[in-house]
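Asks: here you go, sequence then predicted model.
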Amino acid sequence: MYKQNLPIILASKSPRRQELMKSMDLDFKVMLKDVDESYPDDLQPSEIAVHIAEKKAAAFLNDSEAAIVITADTIVAYNSEILGKPADEHDAIAMLKKLSGSKHQVYTGVSLSCRGNTVSFYDLTEVYFRALSDEQIHYYVENYNALDKAGAYGIQDWIGMVAVEKIEGSYTNVMGLPTEKLYQALLAI
């Protein structure tokens, strides 16, 4: 059982990450800082997710002396193409058309910083979508907030209920925080 000895800072505005942390019975506060989320072009998807999580952690270096700072970044990869958050509804529709009827990967990089030390890891989940009609894609984009999610979808939303045929790996990873791995990392601190 994890015994929380230090305050926890979740450096994420994601309501899904906050919900997952609450479901883990963790007491935390949310703090945000602007961070450049660019990355070198030669990185693999898993490396991109960890690289961005570590950049976010570096912004909180001074805060990690008296607390555990948790940062994360989730990306969707389809045929080696990185699908981040869509720029607009047209971009969201284009992304969902790519994912329709195919398999893609979801990577979440996580960094835990405490007392000047940072531990980082990633998780990978493979997600299989059934084929979606244009009408279904438009319905989702028009009725759900596809613009704030990597790959233009949330597995916990309507599209996850009707389009995801199966996943291989962690469900919570697709939501944006691999809670199983996070819990083990907290135990090791």
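Replies: Structure received.
Asks: got phi/psi on the residue lying closest to residue 45 once chain neighbours are set aside?
Replies: Leaving aside its sequence neighbours, residue 45 sits nearest to residue 77 (CB to CB, 6 or more residues apart in numbering; 4.2 Å). The way it works is simple: take the backbone N, C-alpha and C, and place the C-beta from them, glycine included. According to degrees, to the nearest 10, the main-chain angles of residue 77 amount to phi -120, psi 130.
Asks: just residue 81 next, same as before
Replies: Torsion angles, degrees, to the nearest 10, at residue 81: phi -90, psi 130.
Asks: going forward, the N-terminal residue is numbered 57.
Replies: I'll keep to 57 as the first residue from here, and by that count the last item is residue 137.
Asks: count the residues that sit near the residue nearest to residue 101.
Replies: Residue 133 has 20 neighbouring residues, counting by other CB atoms under 10 Å.
Asks: beta partners of it?
Replies: As for beta bridges, residue 133 partners with residue 138, residue 161 under DSSP bridges.
Asks: so who does it touch?
Replies: For residue 133, the contact set (CB atoms under 8 Å, 6 or more residues apart in numbering) comprises 101, 139, 160, 161, 162, 163.
Asks: sketch out the low-pLDDT regions of the chain for me.
Replies: Residue ranges of the chain with pLDDT under 70: 120.
Asks: show me the contact partners of the longest helix seen in it.
Replies: Longest helix of the chain, by residue count under DSSP state H: helix 101-114. Applying CB under 8 Å, 6+ apart, the contact partners of helix 101-114 are 67, 89, 91-93, 95-96, 99, 120, 125, 127-131, 133, 138, 161, 163-169, 174, 176-178, 180.
Asks: quick check: PyMOL command selecting the buried ones in those residues.
Replies: Entered in PyMOL, the line below selects the buried ones among the contacts of helix 101-114, by 16 or more other CB atoms under 10 Å:
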select buried, resi 67+91+95+120+125+127+128+129+130+131+133+138+161+163+164+165+166+167+168+169+174+176+177+178+180
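Asks: which of the contacts of helix 101-114 fall within helices?
Replies: Reading helices off the contacts of helix 101-114, I find no matches (DSSP H).
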